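Undergrad: All I have is the shape, not the residue letters:
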């Protein structure tokens, strides 16, 4: 006995059709790559410069050891986010390739 109704079958058929990505969604995906990459590229290597940037941006002064830890945390956070984005894109790509065959 078929428990699906005719409207459910039509809905399921439409679910398989791939919709084009909206401009906002594509922009969000690109920002996911651009923000951590730009942060890594523009992050100064000198802890004194990190402390100066924090002071300029927030008006709060931090010590050099704190700036060193802050820089290390930013590097780890940016690299982790780039690895996560890469892994999720690769997972989607592999799933798409497997479903095509």
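TA: Nice, I can see it. Given the structure is predicted, the values throughout are model-derived calculations rather than measurements. Numbering: from 1, shown residues only.

Undergrad: Could you pull out the helices in the protein for me?
TA: Along the chain, counting by DSSP state H, helices occupy 6-15, 23-42, 47-58, 64-100.

Undergrad: tell me the most buried of the ones you listed?
TA: helix 47-58 (a mean of 14; mean count of other CB atoms under 10 Å). C-beta: built from backbone N, CA, C; applies to glycine.

Undergrad: by how many degrees do that one and helix 64-100 diverge?
TA: Orientation note: helix 47-58 sits at an angle of 80 degrees relative to helix 64-100 (axes from the mean of the first three to the mean of the last three CA atoms, to 10 degrees).

Undergrad: Could you dump the helices of the chain into a markdown table and include mean pLDDT?
TA: Below are the helices of the chain laid out as a markdown table (pLDDT from 0 to 100):
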| stretch | mean pLDDT |
| --- | --- |
| helix 6-15 | 54 |
| helix 23-42 | 83 |
| helix 47-58 | 94 |
| helix 64-100 | 93 |
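
Undergrad: okay, which residue is most central for this protein?
TA: Residue closest to the mean C-alpha point of the chain, counted by CA atoms, centre = their mean, is residue 32 at 3.5 Å.
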